[in-house]
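Visitor: Just to be clear, the model below is a prediction. Sequence and coordinates:
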2 protein chains.
Amino acid sequence: MNRSISEFALIARYFAPLATDRAALGLKDDACVLEEEAGRETIITADALVEGVHFLPDDPPELIAAKALRVNLSDLASKGATPRGYLMALALPRQIEENWIAAFARGLEADQTRFGISLLGGDTTATPGPLTIAITALGTAPKGVMLKRGGARPGEAVYVSGTIGDAGGGLQLLQGRIASSPGNEIASGNSFLIERYRRPTPRLALGKELRRLASAALDVSDGLIADLGHIAEVSKLSIVLEAEAIPRSPELAALWPGQDGIVRAATAGDDYEIAFTAPLSAGLPAAFSLGGVTVTKIGYTAPGDGVVLLNAAGNVVPVPRPGFVHF
Amino acid sequence: MNRSISEFALIARYFAPLATDRAALGLKDDACVLEEEAGRETIITADALVEGVHFLPDDPPELIAAKALRVNLSDLASKGATPRGYLMALALPRQIEENWIAAFARGLEADQTRFGISLLGGDTTATPGPLTIAITALGTAPKGVMLKRGGARPGEAVYVSGTIGDAGGGLQLLQGRIASSPGNEIASGNSFLIERYRRPTPRLALGKELRRLASAALDVSDGLIADLGHIAEVSKLSIVLEAEAIPRSPELAALWPGQDGIVRAATAGDDYEIAFTAPLSAGLPAAFSLGGVTVTKIGYTAPGDGVVLLNAAGNVVPVPRPGFVHF
C-alpha cells in the first residue's frame, strides 16, 4: 500500500461515502445496526473473491468491484430477497496503489446506485498475499417466501434464465486459450462473452417474481449441472436435462460448437443465472420472459437422485466433470 | 489442500455440524434466514484475520479459530449486543492439511458452545496466499440501546475493563523479542500474557450492563489511546488519561516496567477490553466489578479534541505512536 495514506484516511476518503444507509452509522462504529420489522426476514449470504482464483490480476478494478458485489447479489436474487446492503472485508497487498482503490470504490458506487444498496460496514487489513474481497450481503423478504433448494418435487419442470456458458467462454478468451484475431467469427463475440464473465447480472427482478412460481431455486455459479445437483440432493430427487434445450448465446455456440460445446457450457460456471423448478400446475410455457430476462425450460424432475443430461435421441451424454472444483 | 477431500465434503464434515441454528438452513442454501422481530435491532460487525498479520503461522488452529470469533464478539460486546451467530469466508492455502481444518473446527465449536452462537453461513475457497478468515458476526439488542462511539459529553468519566497491554506483551514474547529462560521473573508471567494475546475474552456480560450506564463505548483492539481517539473524534471532545491509573497486570508490569511500559501498554492493542465513558451522575466508583470483570476509571472527557496522557505530576507524557498501524 502506498504509505502516503493511512487506513483511516482510506476509509474516510473512499469507503465512508459509500455508506449511504443510516444503518451504517457512517462507518464510524465498526458495526451497523438494522431495525427489525415484524413479518419480515433478513437473508444473508457471504462470498469471497481472491485474486488469481476468482478474477485476474489485470482485470479493471471497477469490474472486480462489480463482480464481488454481483456474485453476492445473485445469491440474494435466487432467494427472492430484496438487497439492502453489504459488509466488506478487504485484505490489501502492500503494493496496491491508491488509484486502484479509487477505481475500485467507483465500481462499488456505480453498482450501489444501480441496485439500491449501501455499504454497511467491514474491515480493511494488509495481506502479504493476493487481494481478497470478502463480502457479506444482506437482503430482506416477507416472512416465509424465501426460495430454497429443498422445495422441488418429482414431476416438476426445470427452468434456467438467460444463456448458459457465456462466462466460461469469456474466461477462456481472457486466458488466451483460444487464438483469435480481430475480424474472425470468434473474435466478434469476444467482447460480449468477456463482459458476461466480468460483469454478471444478478436476476433480482426475476427472483422476486419466482417467489410465487418456483418450488426451488438457486443461482448458477459452479456450473449448471453441478448446481442443479444441489437442488437434486437437497430436494431428494433426480433432474433430467435436455441438452439441446439448454439456452446458449450465438456467440458461445460459435466458440464452443456441437454437443461437446453444450457439455462445456453446462459445466463452466460463473453464469449467475437462476435455475429453478416449478410445478406443472403453474402452467408455464417452454420459454417466456419474466423479470426482464428470458426463462427457458430445460428439463424435469423425477424420483431418484443426481442429474442426467440427455441428447435429442434420448441417450445419456457423459459429463466428465459437472462443475468448477474449488480446490 | 489435501486433495482427498472436496470442498463439499469439507463443509459437510467439519462446518455443517457447526450450523446448529435453524436459521443456517444446515448450510445447504448458501444463505441464512433470520426472522425479524418488532422492537429489536440486528447489529452486525466484520473483522478478518490474515496469517502472518493477525496470527502466527504456527499458532494452534483451535486458538486461531477462537481469536477469529472473539475479536468479532468483542465488537458486539462493546455495542451491548447479544451475539447470535456468524458467517465465515475462509480462504485456504492449498497446502493446508485436513487435520488442521479439523482442529480449527473444534476451536470454533468450543467457542460456539461457550458463547451460545452458531455458524450461519459462509464460503470456502482456495487461495495462493496466506490463510484468511473473514468473519461477519450478528447480534441483537432491544431497539435504541446499542452503545456507540459518538455519545460521550465533556465532563464524563472514562473507564476501561480488565488490564491493558497484556496481549502486546504476549505477542512480544511469542516473537522472541525478549530473551527469557524458565524460572526468571519474566518467564513466570509468559503463559498468562501469551494466553491473553491468543485468546481474548469478549466482555459480553459487561457490555449488556453498560447499556444503562455508558454514554459511549468501544472495544480496545488497536491500542487504548488510539481507540479512545475514536470516541474523542466521533463525540467531538478531548479525553485526558491518567497514566498511573491505567490498569496493568503484575505480569505485564514486570515485563514492561516504568512510565515507558505504561505508554507501551496503552498503545500495544489486541486487548479486547471495553473502554467507555459514563456521566458523573451515574455515581460510579473509581474501580468496581461489573459483568464479571473489574472496571477502572482512567480519566475524564473535556472540551477540545484528541487524547492526552498525563503522569502523576500532571505533565503530558509523549506518545510517539498511539496504536497499531494496519498498513
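Guide: Sure thing, it's come through. Residues are numbered from 1 along each chain as shown, chains lettered A, B, ... in the order given.

Visitor: Let me see the contact set for the closest residue to A:E37 other than its chain neighbours.
Guide: In space, and not counting its chain neighbours, A:E37 is closest to B:E36: 5.1 Å by CB to CB, 6 or more residues apart in numbering or on different chains. Where you see a C-beta, it was placed from the backbone N, CA and C, and this is true even at glycine. Taking CB atoms under 8 Å, 6 or more residues apart in numbering or on different chains as the criterion, B:E36 is in contact with A:36-42, A:140, A:143, B:42.

Visitor: again, only this time at 10 Å
Guide: Contact partners of B:E36, counting by CB atoms under 10 Å, 6 or more residues apart in numbering or on different chains, are A:34-42, A:140, A:143, B:42, B:140.

Visitor: what's near enough to touch A:G155?
Guide: Taking CB under 10 Å, 6+ apart as the contact definition, A:G155 lies against A:237, A:277, A:279-280, A:300-303.

Visitor: Looking at those, state which has the most neighbours.
Guide: Counting by other CB atoms under 10 Å in any protein chain shown, A:T277 has the largest number of neighbours within these, with 27 neighbours.

Visitor: Same question for that residue, what's its three-state structure.
Guide: Using DSSP: H, G, I helix; E, B strand; the rest coil, the secondary structure recorded for A:T277 is strand.

Visitor: Residues in a beta bridge with it, which ones?
Guide: Partner residues in beta bridges with A:T277: A:V158, A:A216, with DSSP bridges as the criterion.

Visitor: what about the closest residue to A:L290 other than its chain neighbours, neighbour count?
Guide: Closest residue in space to A:L290, ignoring its immediate chain neighbours: A:E209 at 5.1 Å, by CB to CB, 6+ apart. Burial of A:E209 is recorded as 16 neighbouring residues (other CB under 10 Å).

Visitor: Could you measure from A:E209 over to A:I231?
Guide: Distance from A:E209 to A:I231, counting by CB to CB, to the nearest Å: 18 Å.

Visitor: Could you check how far A:D270 is from chain B?
Guide: Between A:D270 and chain B the distance, using CB to the nearest CB, to the nearest Å, works out to 14 Å.

Visitor: got the buried residues for whichever strand or helix holds A:Y197?
Guide: In this structure, A:Y197 is located in helix A:185-198 according to DSSP states H and E. Of the residues in helix A:185-198, those buried by neighbour count under the rule 16 or more other CB atoms under 10 Å in any protein chain shown are A:186, A:189-190, A:193-194, A:196-198.

Visitor: From those, pick the one nearest A:R94.
Guide: In terms of CB to CB, no member of those lies closer to A:R94 than A:R198, at 25.8 Å.

Visitor: which residues in the stretch 201-327 of chain A form strands?
Guide: Counting by DSSP state E, counting those that start in this stretch, the stretch 201-327 of chain A forms strands over residues A:216-219, A:238-242, A:274-278, A:287-290, A:293-302, A:306-310, given from the N-terminal end onward.

Visitor: Restricted to strands, list the contacts of B:E36.
Guide: Secondary structure of the contacts of B:E36 is defined by DSSP state E; positions in strands are A:34-35, A:40-42, A:140, B:42, B:140.

Visitor: related to what we said a few turns ago, which of the contacts of B:E36 sits closest to A:L73?
Guide: Distances from the contacts of B:E36 to A:L73 were compared by CB to CB; the smallest belongs to A:T140, at 13.3 Å.

Visitor: For the closest residue to chain B within the stretch 51-200 of chain A, grab the count of nearby residues.
Guide: Chain B sits closest to A:G129 of the stretch 51-200 of chain A, with a gap of 1.9 Å, by CB to the nearest CB. A:G129 is flanked by 23 other residues according to other CB under 10 Å.

Visitor: And for it, nearest residue in space, chain neighbours not counted?
Guide: Across the structure, with CB to CB, 6+ apart as the measure, the residue nearest A:G129 apart from its sequence neighbours is B:G129 (1.9 Å).

Visitor: cool, and A:Y197?
Guide: With CB to CB, 6+ apart as the measure, A:G170 is the residue that lies nearest to A:Y197, at 3.2 Å, once sequence neighbours are left out.

Visitor: close enough to count as contact, the one you found and A:A265?
Guide: No: with contact defined as CB atoms under 10 Å, A:G170 does not count as touching A:A265 (11.9 Å).

Visitor: Find the residues that touch each one of these two.
Guide: Taking CB under 10 Å, 6+ apart as the contact criterion, the residues that touch both A:G170 and A:A265 are A:252, A:255.

Visitor: mind showing which ranges of the stretch 101-250 of chain A have poor pLDDT?
Guide: The model of the stretch 101-250 of chain A has pLDDT under 70 over residues A:177-188.

Visitor: Following the record's annotation, map out the domains of chain A.
Guide: Described in terms of automatic domain parsing, the domain architecture of chain A consists of the residue ranges A:7-142, A:157-310.

Visitor: okay, how far is it across the shortest one, tip to tip?
Guide: Looking back up the chat, that one is domain A:7-142. This stretch, domain A:7-142, spans 38 Å end to end (CA to CA, to the nearest Å).

Visitor: Next: the longest one.
Guide: Across domain A:157-310, the straight-line distance between its terminal residues is 15 Å, by CA to CA.

Visitor: In stretch A:95-105, which residues are buried?
Guide: Buried positions in stretch A:95-105, judged by neighbour count with 16+ other CB under 10 Å: A:96, A:100-101, A:103-105.

Visitor: Which members of those occur in helices, if any?
Guide: In helices, defined here by DSSP state H, the members of the buried residues of stretch A:95-105 are A:100-101, A:103-105.

Visitor: Quick check: the farthest pair among the residues you listed?
Guide: Largest pairwise distance in those, by CB to CB, is 9.8 Å, between A:W100 and A:A105.

Visitor: So for those two, which residues contact both of them?
Guide: With CB under 10 Å, 6+ apart applied, the overlap between the contact sets of A:W100 and A:A105 consists of A:P61.

Visitor: just so I have it, where are all the strands in the stretch 51-200 of chain A?
Guide: If DSSP E, counting those that start in this stretch is used as the criterion, the strands of the stretch 51-200 of chain A fall at A:82-93, A:118-127, A:132-142, A:157-161.

Visitor: would you turn these into a markdown table with mean neighbour count?
Guide: What follows is the strands of the stretch 51-200 of chain A, written out as a markdown table (neighbours: other CB atoms under 10 Å in any protein chain shown):
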| stretch | mean neighbour count |
| --- | --- |
| strand A:82-93 | 24 |
| strand A:118-127 | 24 |
| strand A:132-142 | 26 |
| strand A:157-161 | 25 |
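
Visitor: Make CSV from these and add distance to A:G292 to it.
Guide: Written out in CSV, the entries for the strands of the stretch 51-200 of chain A read as follows (distance: least, CB to CB, whole Å):
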stretch, distance to A:G292
strand A:82-93, 15
strand A:118-127, 23
strand A:132-142, 18
strand A:157-161, 10
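
Visitor: which stretch among these comes nearest A:R13?
Guide: Using CB to CB as the measure, strand A:118-127 is the one of the strands of the stretch 51-200 of chain A that comes nearest A:R13, at 11.9 Å.

Visitor: Adjacent strands (with direction) for the closest one?
Guide: Here the strand partners of strand A:118-127, with direction, are listed using DSSP bridges: strand A:82-93 (parallel).
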